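compute the structure for the input listed below.
(2 chains)
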There are 2 protein chains.
Amino acid sequence: MTARLKFFGWGREGEGLTQAESDFILARARERFGVPAFHEAAPPELAALRLRPPRLAPPPTLAPLCSSESYDRAAHTYGKSFIDTVRGLAGDYDDAPDIVAYPRNEADVAALLDWAGGAQVAVIPFGGGSSVVDGVAARIDATRHRAALTIDLREMGRVVEVDRASRAARIEGGAFGPALEAQLRPHNLTLRHFPQSFEYSTLGGWIATRSGGHFATLYTHIDDLVESVRMVTPRGVFETRRLPGSGAGPAPERLAIGSEGILGVITEAWMRLQERPRFRAGGAVRFADFFTAARALRVIAQAGLYPANCRILDPLEAYNTGAGDGKSAIMVLAFESADHEVGPWMKRALECCADHGGTPESAERADAHREGAAGAWRNAFIRMPYAREITVPRAIINDTFETAITWDRFESFYDRVKAATEDAIRRVTGHPGEVSCRFTHVYPDGPAPYFTFHALGRHSALVQMWQEIKNAASDALLAAGGTITHHHAVGRQHRRWYDQERPPLFAAALKAAKQVLDPHAMLNPGVLIDP
Amino acid sequence: MTARLKFFGWGREGEGLTQAESDFILARARERFGVPAFHEAAPPELAALRLRPPRLAPPPTLAPLCSSESYDRAAHTYGKSFIDTVRGLAGDYDDAPDIVAYPRNEADVAALLDWAGGAQVAVIPFGGGSSVVDGVAARIDATRHRAALTIDLREMGRVVEVDRASRAARIEGGAFGPALEAQLRPHNLTLRHFPQSFEYSTLGGWIATRSGGHFATLYTHIDDLVESVRMVTPRGVFETRRLPGSGAGPAPERLAIGSEGILGVITEAWMRLQERPRFRAGGAVRFADFFTAARALRVIAQAGLYPANCRILDPLEAYNTGAGDGKSAIMVLAFESADHEVGPWMKRALECCADHGGTPESAERADAHREGAAGAWRNAFIRMPYAREITVPRAIINDTFETAITWDRFESFYDRVKAATEDAIRRVTGHPGEVSCRFTHVYPDGPAPYFTFHALGRHSALVQMWQEIKNAASDALLAAGGTITHHHAVGRQHRRWYDQERPPLFAAALKAAKQVLDPHAMLNPGVLIDP
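Okay, here's the model as predicted:
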């Protein structure tokens, strides 16, 4: 049996950074902030938590699906945002749900919603709980709700049906990444959707939050991988027809995709799959600076080559992840195919790089994406979520935010957002920090920049400091034309900027739709809109 | 000055088929139905039409934008569906709008909506009027409306702004295809969206109806070309932020895309463009039969090659368009790029064809797509809409319907839909007819089949006969798992099947959204939903 998920931190009990990884991160942090050591707080212990007694018990018919044990409640109190980690570290589990339910099938989900509607219980669809935007907290609206029920679909993780001809599968919403892929592997198929949270997030969560996969172009946003979706709402089942494409009215699946648990629980979807790649070419390319790398990347993105990967890292990002010396920008470039040799594609992309002075590191080897700068970056990327377990207890404020912007505005956008974030760090903490950037996804009309920042905070004021930095960064990002989120979702943390970004009349339409599907306003209060 | 649009038929006054084209079509028709000649009805004459006097006049402030002249009203009575042509032929213009308005800018559009809301006037956004699904008729709901106003955006056809770096442009909703492309050409850019109606349809109409372009894979559905959209609703302007991608809640632009004029008038959009292609390879490939061609095409569609064109025609479709001898299925295959030679792509696609016994006709020549079978088909495709002007007056029932279906179900789907349509033709007309099929678009998980049927009707019963055939075809199509429309839209003709296809809870949500955006239910009554 696998270990259970941690109630605090990333992943399962017993997992974490290796000593070497930990040493690397802390050495970089000491160097960055010019300090010899950190004030270290101790992580919380489950036995020491004082949880409010549950405000309500489930009815006997549902009791077998439900738990109000401390572990279950604590493990479902938070997502994985910076603030979540700070509050967890402080032993603040006041928002613990009263009940956690583990339905085994769709009828269970419907029964839970039926009961909650009558009992005035707020319902929070949990996904894998990897939200970094406060999207899964068991907040209630005291004027409407008496208690909070968190629904965890981990018992609904099956690949139910595989259509080899269309390369599609019907998959339950609670499937975690690794289990989903393991069930597809015997068919030589893959969903090929690898968000950073892959191991600890679910299909339903990906769809509800418009998750972004690891791949940089074409079929990587979960939106494009959904063939049809099935969602249980308080008013019944909302299911779209399984189709490769349609032009029949406004796309109904798009109402469910990105609904962040406010309209229903996504129990199942038909997903578009791919064959497992057999041909690969890739490697890292060095550029004089980030903007030059971005210009080369723009040409590649507009050339119709569709690389599997074409991330660029600014010099600081490259340095901090061990992928570079801090003097050059790095492009991680890769092509993959299950059908054909990708040499001509890679050759043309490298020509585009050369036109901008890009020099390849070791582009010719098939496994180059696992070696050198590209490999170093890849490892750092996968292990990154564990780092908070060692940085937050040392009062290091470390967070990321991501967006998308058209090419015409990218350079001034980057300068403004970076400067605003650096200024805020200096003003708020009294020390300079660091702001680095990479691209996670690239479209013909613009990139999706992803910023990381580091600041040295004080234990007594971590949340407030983080919030001020976040406000400054988000204000700048919105003012410069970006979106408040390309794939992290809105949740509660991005609400203020989401409310500015989305058309007011769309908010009114969404609110009207919610009133129809969730008439008692019980689903995920505070997320996306106020009912 | 260009000639004005016909009030009956396709295109502008003075345009039509050449004698040779006309002879070809009628010869095929005589052969098909085994008759030496047809009973021919005379086309309607504008001067002879008896239009109901307008039920209302516009207020003086709006009068300069408006016309209630017979030509304007007659030219805005119908779209281009089979039934529209039959009714027009009979001189039945009872549904003529009372007023046709030609706003010059967004303020005009808003003023028209304001007046219409107060005056209980139904408002029909006309686009280019090329609807084949009864989407632009000036039908009113007599319990709500006193008159009908059709809004024609032909005066709003400018490319307002071009962003060369992002390859995008801000374009007014009334831009017709040729004028739009002419304005982009100096920038060496193209929207590259070529629906069959290209010359006589508008950007706003394409977005409102989820138009499908000529190209077969990747960026061809208008949905994917919209960077942001601006729509004037009775409640104000609905405008989405210009972004290459976003994950902020359910996609707001998707509510406008496919809204078919029931939520507002699309006045402007930022559209994703492409560079004009410089490299081409293409030609026709012959296959033993349609299913074998489809299997080859499935491999190509799943290989990640993304041909610009990869249509297949069944033997009858190939014969009827002059592209084949009726014994083989034809694949029209083409690659295009503005960036690189496409030889490796074409080579691999032809290997996929060869694996299924496909033999290329003349694949090596750069202009092969304009010659031979591919060229014959291409010409027939572009000229097809004019044919109704000669077939309907001869009581020939000739129509098309289109759909999409996953690969696993395609072969049985094709058999069932074709058989149901053929049976209905025989039953309804007493003669055998013809049903042929091609693919217009291909996705990794399934094709978009496009059916054409021919039947010999009687002048006294054309509408009823057509409706019975349409019902049988649509019932079969829905029962076999397809969508009622991949890119023709829903309008009023597809309502019965759309109502079955879309999730009931989505209809409820859409109705709630409409009540917010169009509280007086004045926009395009009868289309998509009943308010």
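
now do the SS call for A:A284.
strand (DSSP: H, G, I helix; E, B strand; the rest coil).

can you list the low-confidence ranges for the stretch 251-400 of chain A?
A:362-371 (pLDDT under 70).

likewise the stretch 101-250 of chain A?
Ranges of the stretch 101-250 of chain A meeting pLDDT under 70: none found.

mind doing that once more with 90?
A:213-220 (pLDDT under 90).

tell me the contacts of the nearest residue to A:G204 once chain neighbours are set aside?
With CB to CB, 6 or more residues apart in numbering or on different chains as the criterion, A:G204 has its nearest non-adjacent residue at 2.9 Å, and that residue is A:G173. In this view, the C-beta of every residue, glycine as well, is placed from N, C-alpha and C. By CB atoms under 8 Å, 6 or more residues apart in numbering or on different chains, A:G173 lies in contact with A:L153, A:M156, A:T202, A:L203, A:G204, A:I207, A:V265, A:I266, A:T267, A:E268, A:A269.

looking at those, point me to the pair that's furthest apart.
By the measure CB to CB, A:M156 and A:I207 form the most distant pair in those, at 13.7 Å.

how about the residues of the stretch 251-400 of chain A near chain B?
Residues of the stretch 251-400 of chain A lying near chain B by CB under 8 Å from any CB of the partner chain: A:251-252, A:254-260, A:272, A:274-275, A:298, A:302-306, A:337-340, A:344, A:348.

of those, which belong to helices?
A:R254, A:L255, A:A256, A:R298, A:P344, A:R348 (DSSP state H).

now rank the residues you listed by neighbours and give me the top one.
With neighbours taken as other CB atoms under 10 Å in any protein chain shown, the top of these is A:L255, carrying 29 neighbours.

so where does A:A508 fall, helix or strand?
If you go by DSSP states H and E, A:A508 is part of helix A:504-517.

show me what that helix is packed against.
Secondary-structure packing of helix A:504-517 (3 or more CB pairs under 8 Å, 6 or more residues apart in numbering or on different chains; DSSP states H and E): strand B:236-239, helix B:504-517.

direction-wise, compare that helix with helix B:504-517 and give the angle.
Here the directions of helix A:504-517 and helix B:504-517 differ by 140 degrees (axes from the mean of the first three to the mean of the last three CA atoms, to 10 degrees).

and helix A:504-517, how far from the chain's centre?
25 Å (CA atoms, centre = their mean, to the nearest Å).

and the contacts of that helix?
A:233-235, A:238, A:255, A:262-264, A:499, A:521, A:523, A:528-531, B:233, B:235-238, B:240, B:249-250, B:252, B:255, B:505, B:508-513, B:515-517.

ok, back up a step: now the contacts of A:G173 in a markdown table, with secondary structure and neighbour count?
Putting the contacts of A:G173 into a markdown table (DSSP: H, G, I helix; E, B strand; the rest coil; neighbours: other CB atoms under 10 Å in any protein chain shown) gives the following:
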| residue | secondary structure | neighbour count |
| --- | --- | --- |
| A:L153 | coil | 28 |
| A:M156 | coil | 25 |
| A:T202 | strand | 31 |
| A:L203 | helix | 32 |
| A:G204 | helix | 30 |
| A:I207 | helix | 25 |
| A:V265 | strand | 30 |
| A:I266 | strand | 30 |
| A:T267 | strand | 24 |
| A:E268 | strand | 25 |
| A:A269 | strand | 31 |
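
show me which of those residues is closest to chain B.
Comparing the contacts of A:G173 against chain B with CB to the nearest CB places A:I207 closest, at 11.1 Å.

for the helix holding A:A508, buried residues please.
Across helix A:504-517, burial judged by 16 or more other CB atoms under 10 Å in any protein chain shown covers A:L505, A:F506, A:A507, A:A508, A:A509, A:L510, A:K511, A:A512, A:A513, A:K514, A:V516, A:L517.

average model confidence for that helix?
Helix A:504-517 shows a mean pLDDT of 98.

for beta bridges, what are the partners of whatever residue of the stretch 351-500 of chain A ends up closest to chain B?
At 3.3 Å from chain B, A:G446 is the closest residue in the stretch 351-500 of chain A, using CB to the nearest CB. In this structure, A:G446 bridges to A:Y443 when assessed by DSSP bridges.

over to A:V265?
Counting by DSSP bridges, the residues bridging with A:V265 are A:V232.

list the residues that contact it.
By CB under 8 Å, 6+ apart, A:V265 lies in contact with A:V109, A:L113, A:V123, A:P125, A:I151, A:L153, A:G173, A:G204, A:M231, A:V232.

quick one: the fifth one and A:G127 touch, right?
Spelled out, that is A:I151. No - counting by CB atoms under 8 Å, A:I151 stays clear of A:G127, with 9.7 Å between them.

more neighbours, those two?
For A:I151 versus A:G127, the count of surrounding residues by other CB under 10 Å is larger for A:G127: 33 against 29.

low pLDDT regions in the stretch 401-531 of chain A?
Looking at the stretch 401-531 of chain A by pLDDT under 90, you get A:531.

what parts of it come near chain B?
So the stretch 401-531 of chain A meets chain B at A:404-408, A:441, A:443-448, A:481-490, A:494, A:498, A:501-503, A:505-506, A:508-513, A:515-517, A:528 (CB under 8 Å from any CB).

try it again with 6 Å
Applying CB under 6 Å from any CB of the partner chain, we find that the stretch 401-531 of chain A lies next to chain B at A:404, A:406-408, A:443, A:445-446, A:483-487, A:490, A:498, A:501-503, A:505-506, A:508-509, A:512-513, A:516, A:528.

tell me if A:R170 really is in a helix.
No - assigned with three-state DSSP, A:R170 falls outside any helix and is strand.

OK, contacts around it?
A:V160, A:E161, A:W270 (CB atoms under 6 Å, 6 or more residues apart in numbering or on different chains).

doesn't A:A168 make contact with the last one?
It refers to A:W270. Yes - counting by CB atoms under 6 Å, A:A168 is a contact partner of A:W270 at 5.5 Å.

so which of these two has more stuff around it?
Per other CB under 10 Å, whichever of A:W270 and A:A168 has more neighbours is A:A168, with 28 against 25.

B:D445 is in contact with the more buried one, correct?
Yes - A:A168 is within contact range of B:D445, at 5.3 Å (criterion: CB under 6 Å).

burial of A:P385, as a residue count?
18.

backbone dihedrals for it, please?
When read as degrees, to the nearest 10, the backbone of A:P385 gives phi -60, psi -20.

I'd guessed it sits against A:W10; true?
Yes - counting by CB under 6 Å, A:W10 is a contact partner of A:P385 at 4.4 Å.

now for A:G446: which residues touch it?
Here A:G446 is in contact with A:I405, A:T406, A:W407, B:S166, B:P244 (CB under 6 Å, 6+ apart).

what distance do you get for the third one to A:I99?
Think A:W407. 49 Å (CB to CB, to the nearest Å).

pLDDT on stretch A:80-94, on average?
Mean per-residue pLDDT for stretch A:80-94: 96.

who's in contact with that stretch?
A:8, A:41, A:44, A:49, A:51, A:74, A:77-78, A:130, A:132, A:134, A:388, A:392, A:399, A:462-463, A:466.

just how off-centre is stretch A:206-217 within its chain?
8 Å.
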